[in-house]
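>>> No sequence on hand, only this structure:
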Ligand SMILES: NC(=O)c1ccc[n+]([C@@H]2O[C@H](COP(=O)([O-])OP(=O)(O)OC[C@H]3O[C@@H](n4cnc5c(N)ncnc54)[C@H](OP(=O)(O)O)[C@@H]3O)[C@@H](O)[C@H]2O)c1
């Protein structure tokens, strides 16, 4: 057994610690760990929506990673840490909002790493974001790999900056000998999307006939099951101080709409909004909403449109060669996402297809699921 591999014998081995377990990635990860027979302890925030772990055979601890003592206590006795939690956002927000992003993501990661060291909890796999990976400045659509550093000299979202700093926390800890690595995540599509994510909501809105247009651009998408597999591969075979990018496929927004149409049976919108127009509109809308209605969920934001406009591609060869990562298909991920939302009653359109049987079965077994994303609805992270 390699240093990071889990013992899968239920009660006698120490639990693996998972932060962000109620979220989209965390919920899929927990389901997979349970499926593999691993004992799991999840960190939850008591007052929040924890439906994703309801009825699951996991140890629950309550706390906030912004609080070092709570994090220390929560992690006691664990062996192996998946630090998945983060505050995801594509908006600029006000000072308080940005501070919250910083504290949840950067300080939170520092606390989890410190608590893991103090508790001798072993390997820590931290979920990263492709938006914090750099790109070719002359041609942003060329594939980015792990060697490309986040570019700080342009307008970026607070979330993106925070995820770049999350990596900095990891490299600092690794330089001091901690066994930590980053599993870089692209835009997630899959089931077990209980909040639901912005992308999951978009799939439901699409199917329910609420999407009238789309924008250009594209991004790297990762099936929920692939990003989960990536985390497990990191834990089992990753090298400390390294980052591994996990993606399934690059898709344009138009490709994604084609998949939606195929999966849901609902005809896609034909009206395309040029990115520059969408960007201008989103700047105005975002400026207004951030100031006058800060809690109103922004459906599309300048940051997300900027990201999509770059048409960024990912190079996953490091994960494939070093870890044996094998990406699966986004089509299947969309099927799983659709089945999940359909099963939960979020699809109101009587003309929409029933989900594919095997995707449905997987949802019913709580084994996996899916959700999706569209450009004009907030875009990828
Ligand atoms: N989804 C994507 O497309 C995507 C793309 C790139 C990278 N990622 C990365 O993947 C990871 C998981 O994303 P996700 O999509 O699963 O996000 P998510 O669905 O929003 O879930 C995030 C989870 O983190 C928890 N959390 C946030 N702040 C916390 C704090 N201060 N203390 C304790 N828990 C806290 C949340 O708890 P509450 O429920 O209590 O708020 C929630 O359960 C993140 O690190 C994110 O940066 C995701």
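That came in fine, so what should we check first? Not measured: the values here are computed from a predicted model.
>>> Within range of the ligand, give me the residues from this protein.
19-20, 22-26, 43, 45, 48-49, 64-66, 84-88, 104, 108, 127, 129-130, 163, 185, 187-188, 195, 197, 380-381 (Cβ under 6 Å from any ligand atom). Glycine gets a C-beta too; all of them are placed from N, C-alpha and C.
>>> list the contacts for residue 100?
By Cβ atoms under 8 Å, 6 or more residues apart in numbering, the residues touching residue 100 are residue 87.
>>> now it: how far from residue 110?
15 Å (Cβ to Cβ, to the nearest Å).
>>> again, but for residue 37
32 Å.
>>> Give me the more crowded residue out of the two.
Between residue 37 and residue 110, residue 110 has the larger neighbour count (other Cβ atoms under 10 Å), namely 20 against 12.
>>> May I see the buried residues of stretch 341-353?
341, 342, 343, 344, 346, 347, 352 (16 or more other Cβ atoms under 10 Å).
>>> Need the max-distance pair from these.
344 and 352 (13.7 Å; Cβ to Cβ).
>>> one step back: JSON lines for the buried residues of stretch 341-353, including pLDDT, distance to residue 323 and secondary structure?
Below are the buried residues of stretch 341-353 laid out as JSON lines (pLDDT from 0 to 100; distance: Cβ to Cβ, whole Å; DSSP: H, G, I helix; E, B strand; the rest coil):
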{"residue": "341", "pLDDT": "97", "distance to residue 323": "31", "secondary structure": "helix"}
{"residue": "342", "pLDDT": "97", "distance to residue 323": "33", "secondary structure": "helix"}
{"residue": "343", "pLDDT": "95", "distance to residue 323": "32", "secondary structure": "helix"}
{"residue": "344", "pLDDT": "95", "distance to residue 323": "33", "secondary structure": "coil"}
{"residue": "346", "pLDDT": "97", "distance to residue 323": "35", "secondary structure": "coil"}
{"residue": "347", "pLDDT": "97", "distance to residue 323": "36", "secondary structure": "coil"}
{"residue": "352", "pLDDT": "97", "distance to residue 323": "38", "secondary structure": "coil"}
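>>> Out of those, which is nearest to residue 78?
Scanning these for proximity to residue 78, where the rule is Cβ to Cβ, the winner is residue 344, at 31.0 Å.
>>> how far away is that closest one from residue 355?
11 Å.
>>> elements contacting the strand or helix carrying residue 206?
Using DSSP states H and E, residue 206 sits in helix 198-207. Applying 3 or more Cβ pairs under 8 Å, 6 or more residues apart in numbering; DSSP states H and E, one finds that helix 198-207 contacts strand 187-189, helix 253-264, helix 330-343.
>>> let's go with 7 Å and repeat that
Packing partners of helix 198-207 (3 or more Cβ pairs under 7 Å, 6 or more residues apart in numbering; DSSP states H and E): helix 253-264, helix 330-343.
>>> what is the orientation angle of it with helix 330-343?
Interaxial angle, helix 198-207 versus helix 330-343 (axes from the mean of the first three to the mean of the last three Cα atoms, to 10 degrees): 80 degrees.
>>> What are the buried residues along helix 198-207?
198, 199, 200, 201, 202, 203, 204, 206, 207.
>>> Residue 74: what's it in contact with?
43, 61, 63 (Cβ atoms under 7 Å, 6 or more residues apart in numbering).
>>> Most neighbours among those, please name it.
Going by other Cβ under 10 Å, residue 43 tops these with 27 neighbours.
>>> Show me what whichever strand or helix holds residue 229 is in contact with.
Take DSSP H and E as the rule and residue 229 turns out to sit in helix 224-237. With Cβ under 7 Å, 6+ apart as the test, helix 224-237 has contacts from 2, 4-5, 24-25, 28-29, 32, 80, 82, 123, 125, 181, 183, 185, 188-192, 244, 246, 248, 319, 323-325, 327-328, 333, 368-370.
>>> same deal with stretch 168-177?
Residues contacting stretch 168-177 (Cβ under 7 Å, 6+ apart): 106, 109, 110, 113, 126, 180, 182, 240, 241.
>>> Can you report how many residues lie near the first one?
By that I understand residue 106. Residue 106: 19 neighbours (other Cβ under 10 Å).
>>> Report the buried members of the residues of the chain next to the ligand.
Counted by 16+ other Cβ under 10 Å, the residues of the chain next to the ligand give 19-20, 22-26, 43, 64-66, 84-88, 104, 108, 127, 129-130, 163, 185, 187-188, 195, 197, 380-381 as buried.
>>> Now, these that are in helices?
Counting by DSSP state H, those place 24, 25, 26, 108, 163 in helices.
>>> was I right about the third one contacting residue 18?
Yes. With the criterion set as Cβ atoms under 7 Å, residue 26 and residue 18 qualify as a contacting pair; they are 5.9 Å apart.
>>> what touches both of these two?
residue 84.
>>> Could you check how far the closest residue to residue 136 other than its chain neighbours is from residue 93?
The shortest distance from residue 136 to any non-neighbouring residue, by Cβ to Cβ, 6 or more residues apart in numbering, is to residue 142 (4.4 Å). Distance of residue 142 to residue 93, computed by Cβ to Cβ: 31 Å.
>>> Those two: which is more packed in?
For residue 142 and residue 93, the more surrounded residue by other Cβ under 10 Å is residue 93, and the numbers stand at 18 against 14.
>>> For that one, grab phi and psi.
For residue 93, the backbone dihedrals (degrees, to the nearest 10) come out as phi 70, psi 180.
>>> Show the model's pLDDT score for it.
Reported pLDDT at residue 93 in the predicted model: 85.
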